[in-house]
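[1] Pasted the sequence and its predicted model underneath.
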Amino acid sequence: MVISLLETVFITNIQCSSSNYPAVPRWLRLIVLDYLARLVHLYQPLGHQHGKSLEVKLQPDVANHTPFEEPPSTLPPMVEPILVELRQLCTDLEAIRTQIDKHFLGNENTSEWVHIGKVLDRLLFLLHIVFISVSFITIICVWSLWYRLVPGKY
């Protein structure tokens with residue numbers, strides 16, 4: 001019972017605190033998500049295999065392009081404030097896009113940790129079932145053997 005309780009605390013910690021963990025190490029991904037997941041028949045959802053998510057490619061990266069050329073000196077004076085405002089808007093949009101990219105990367109890491117928790121949970125559950133079954137069969141065999149050796153008392 002203590003081992004089962006410790007296993008529950010361990011798996012719950014992995015699944016609930018996974019947003020605080022760094023990216024899954026390669027060796028852990030290989031052992032748990034590749035080999036153990038196949039062993040317990042619990043596969044990763046499509047789009048998250050081997051740490052690769054389905055990516056939606058946006059239009060060419062805004063950060064790699066200068067949105068506006070330097071204004072020629074022949075522009076009317078009221079156009080310059082508009083260009084300054086558009087440049088600021090472009091900078092703000094780049095910051096928003098960076099935050100969204102970080103958010104989706106975090107979701108991928110979190111989903112990998114949650115999947116590791118599920119794989120380990122199923123593996124430990126199966127080991128627990130095997131241990132309980134072997135213990136039950138052993139107790140029945142010992143009881144049966146003891147019952148035959150001591151006749152008439154019960």
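    Nice, thanks for sending it over.
[2] Can you list the buried residues in stretch 35-42?
    L36, A37, V40, L42 (16 or more other C-beta atoms under 10 Å). Glycine gets a C-beta too; all of them are placed from N, C-alpha and C.
[3] Which helix or which strand is home to the second one?
    If you go by DSSP states H and E, A37 is part of helix 37-39.
[4] So what's the gap between that helix and the chain middle?
    Mean-position distance between helix 37-39 and its chain equals 16 Å (C-alpha atoms, centre = their mean, to the nearest Å).
[5] name the helices or strands packed onto it?
    helix 79-149 (3 or more C-beta pairs under 8 Å, 6 or more residues apart in numbering; DSSP states H and E).
[6] mean confidence score for the helix it packs on?
    Mean per-residue pLDDT for helix 79-149: 86.
[7] Now do I11 against I132, distance only.
    18 Å (C-beta to C-beta, to the nearest Å).
[8] ugh, wrong one, I meant K118
    Taking C-beta to C-beta as the measure, K118 falls 21 Å from I132.
[9] Can you pick out the residue with more neighbours from the two?
    A count of neighbours by other C-beta atoms under 10 Å puts K118 above the other of K118 and I132, at 18 against 11.
[10] The more buried one: what's its closest spatial neighbour, skipping adjacent residues?
    Closest residue in space to K118, ignoring its immediate chain neighbours: L42 at 6.0 Å, by C-beta to C-beta, 6 or more residues apart in numbering.
[11] Identify the residues contacting the one you found.
    Applying C-beta atoms under 8 Å, 6 or more residues apart in numbering to L42 gives the contacts H115, K118, V119, R122.
[12] For H41, which three-state class applies?
    coil (DSSP: H, G, I helix; E, B strand; the rest coil).
[13] Now render the buried residues of stretch 35-42 as a markdown table, adding distance to T91.
    Listed next are the buried residues of stretch 35-42 as a markdown table, based on distance: C-beta to C-beta, whole Å:
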| residue | distance to T91 |
| --- | --- |
| L36 | 46 |
| A37 | 43 |
| V40 | 49 |
| L42 | 45 |
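[14] so which of these comes closest to P76?
    A37 (64.5 Å; C-beta to C-beta).
[15] do you know how far T138 is from P77?
    93 Å.
[16] and those two? which has more neighbours close in?
    Shown here are T138 and P77; by other C-beta under 10 Å, T138 has more neighbours (10 against 6).
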